[in-house]
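Colleague: dropping the sequence and predicted coords here.
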Amino acid sequence: MNGADTAWILTSTALVLFMTLPGLALFYAGLVRAQNVVSVLMNCFAIACVISVVWLVFAYSIAFGDGGSGNTIWGGLGKSFLSGVGVDTLSGGIPESLFFSFQMTFAIITPALIVGAYVERISFQFVLVFSALWVLLVYAPVVHWVWGGGFLADQGVIDFAGGIVVHVTAGVSALVLAIMLGRRRGFPNELQPPHNPGMTMIGAAMLWVGWFGFNAGTALAADGTAGMAMTVTHISAACGAIAWSTCELILFRKASLIGAVTGMVAGLATITPASGSVGPVGGLVLGLAGGVLCYTVTQMIKQKFKIDDSLDVFAVHGIGGALGTLLAAVFAAESLGGAGLAEGVTMADQLGVQAYGIVAVAIWAAVITFVIAKVISMFVQFRVSEEDEEQGLDLAMHGERGYHNL
């Protein structure tokens, strides 16, 4: 066991959980009506609890088990309940129990990202059942494909910290759910603005800090790769915020706080798959490109296609993750300051592999999400009643108020 590596991954695990609780929870809670703030916080908190158990029981084994000889689709159930993993069992230079916990925090935040697509109109019971099944049937298999020795790993796909595994799966699934669920009352022209931009900024700041564990921790070592991953992550986040705010200034002559922090998250999502492969120039370009493209798609989804992906999960995470996955093939080149591509692999070859990975995972996530949602909705309420939506889900679902002066 390497003590320095173990200490760093212990820290990174705490940082990634900090991204969800409280980072993402506060980020999303500030964006909704005041009558729904408790609902959003409860969704994020409950998902963390449920997925922790799901990860232990089956999902970790599906993702990182060996699945038998030549199985590139799923890892099997041989490591269910951490079977065979003891105090001294290692995964590389760190305890496997720690690797389990680090990856568990990824499994927690990914379905929590989807919360942003369906806030203010979905039943709490549906959220719990859907999130558990989604991690088992969508997330865990994709983890195996990319990080667990599956067929996309065999193809040589570059996805250092989850552009495909986390952001494409969550973004595509969020879009499918938003379409199935339908629009909120008053969408798109009569919605109330975010009730607390300050809360959203605080949550975003926590996401920014926690993302260092997300990306730099994925190196699974306290080394130069982790150091560069942290550097390019920070640069990309800053550039994403600058790009988004610049778009707002050009179009509206005002730069909003909500826009700046959303652009920051777009920059983080874009750099995630490439953070172990690119240098500072790559971090700068990916952040700027992510900010501009995610802003553009956000406007298209809402204004042109009239899809109520409430907090822009597909536009920010799905598009950002896909863009970063593609650009990783370009900026990984040594001539652009990257770590270099595999021997004998051209930039065009790598672009093809990256695109294949995105498309394969997007199709899987879309189809399985649709099927899961359809099946669950036969037994559990999907969308709340009009009365509950109007009243707000804090009282309707949880019997509490975020603010007692409402």
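Modeller: It's in. Residues are numbered from 1 along each chain as shown.
Colleague: burial measure for the spatially closest residue to Ala362 that is not a sequence neighbour, as a count.
Modeller: Leaving out its chain neighbours, the residue that sits closest to Ala362 by C-beta to C-beta, 6 or more residues apart in numbering is Val172, at 4.8 Å. For glycine as for every other residue, the C-beta is placed from the backbone atoms N, C-alpha and C. Residue neighbour count, defined by other C-beta atoms under 10 Å, stands at 27 for Val172.
Colleague: low-confidence bits of the protein, can you list those?
Modeller: Of all residues in the chain, those with pLDDT under 70 make up the ranges 69-70, 406.
Colleague: can you give me the neighbour number for Ala342?
Modeller: For Ala342, the number of neighbouring residues by other C-beta under 10 Å comes to 11.
Colleague: same question for Thr11.
Modeller: Per other C-beta under 10 Å, the neighbour tally for Thr11 reads 15.
Colleague: which stretches of the stretch 101-250 of the chain form helices?
Modeller: Using DSSP state H, counting those that start in this stretch, the helices assigned to the stretch 101-250 of the chain run over residues 124-134, 140-146, 151-155, 169-181, 197-216, 224-252.
Colleague: state the helix or strand in which Leu395 lies.
Modeller: Secondary structure assignment for Leu395, by DSSP states H and E: helix 393-398.
Colleague: other residues contacting that helix?
Modeller: Helix 393-398 is contacted by residues 35-39, 42, 120-121, 123-124, 384, 387-389, 400-402 when judged by C-beta atoms under 8 Å, 6 or more residues apart in numbering.
Colleague: buried stuff in it?
Modeller: Applying a neighbour-count criterion of 16 or more other C-beta atoms under 10 Å, one finds Leu393, Asp394, Leu395, Ala396, Met397 buried in helix 393-398.
Colleague: then stretch 362-374?
Modeller: Residues of stretch 362-374 classed as buried by neighbour count (16+ other C-beta under 10 Å): Ala362, Trp364, Ala365, Ala366, Ile368, Thr369, Ile372, Ala373.
Colleague: quick check: closest non-adjacent residue to the last one.
Modeller: In space, not counting the residues next to it along the chain, Ala373 is nearest to Met180; the distance is 5.6 Å by C-beta to C-beta, 6+ apart.
Colleague: so that neighbour touches Val371, yeah?
Modeller: No. Look at Met180 against Val371 with C-beta atoms under 8 Å: they stay out of range, at 11.1 Å.
Colleague: quick one: buried ones out of the contacts of helix 393-398?
Modeller: 35-39, 42, 120-121, 123-124, 384, 388-389, 402.
Colleague: as a markdown table, these with distance to Lys302 and secondary structure would be great.
Modeller: Converted to a markdown table, the buried ones among the contacts of helix 393-398 look like this (distance: C-beta to C-beta, whole Å; DSSP: H, G, I helix; E, B strand; the rest coil):
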| residue | distance to Lys302 | secondary structure |
| --- | --- | --- |
| Gln35 | 21 | helix |
| Asn36 | 19 | helix |
| Val37 | 22 | helix |
| Val38 | 25 | helix |
| Ser39 | 21 | helix |
| Met42 | 26 | helix |
| Glu120 | 15 | coil |
| Arg121 | 16 | coil |
| Ser123 | 24 | coil |
| Phe124 | 25 | helix |
| Val384 | 22 | coil |
| Asp388 | 24 | helix |
| Glu389 | 19 | helix |
| Gly402 | 25 | coil |
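Colleague: and of those, the nearest to Leu191?
Modeller: Relative to Leu191, the closest of those is Glu120; by C-beta to C-beta it sits at 9.2 Å.
Colleague: so that closest one is in contact with Asn36, correct?
Modeller: Yes. Counting by C-beta under 8 Å, Glu120 sits close enough to Asn36 to count as a contact (4.9 Å).
Colleague: residues shared between the contacts of the two?
Modeller: Gly392, Leu393.
Colleague: wait, Asn2 sits on Gly93?
Modeller: Yes. Under the criterion of C-beta under 8 Å, Asn2 makes contact with Gly93 at 3.5 Å.
Colleague: quick one: the strands in the stretch 1-150 of the chain?
Modeller: 90-91, 94-95 (DSSP state E, counting those that start in this stretch).
Colleague: please work out which of these is packed deepest.
Modeller: For these, the stretch with the most neighbours on average is strand 94-95, a mean of 20; neighbours defined as mean count of other C-beta atoms under 10 Å.
Colleague: coming back round to it: any chance of the buried residues of stretch 362-374 in a markdown table, with secondary structure and distance to Ala255 too?
Modeller: Formatted as a markdown table, the buried residues of stretch 362-374 follow (DSSP: H, G, I helix; E, B strand; the rest coil; distance: C-beta to C-beta, whole Å):
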| residue | secondary structure | distance to Ala255 |
| --- | --- | --- |
| Ala362 | helix | 32 |
| Trp364 | helix | 38 |
| Ala365 | helix | 33 |
| Ala366 | helix | 34 |
| Ile368 | helix | 39 |
| Thr369 | helix | 34 |
| Ile372 | helix | 39 |
| Ala373 | helix | 37 |
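Colleague: ok, the residue nearest to Ala362 - contacts?
Modeller: Neighbours of Val172 in contact, by C-beta under 8 Å, 6+ apart: Phe314, Gly318, Val361, Ala362, Ala365, Ala366, Thr369.
Colleague: how about stretch 303-323: buried residues?
Modeller: Of the residues in stretch 303-323, those buried (16+ other C-beta under 10 Å) are 307-323.
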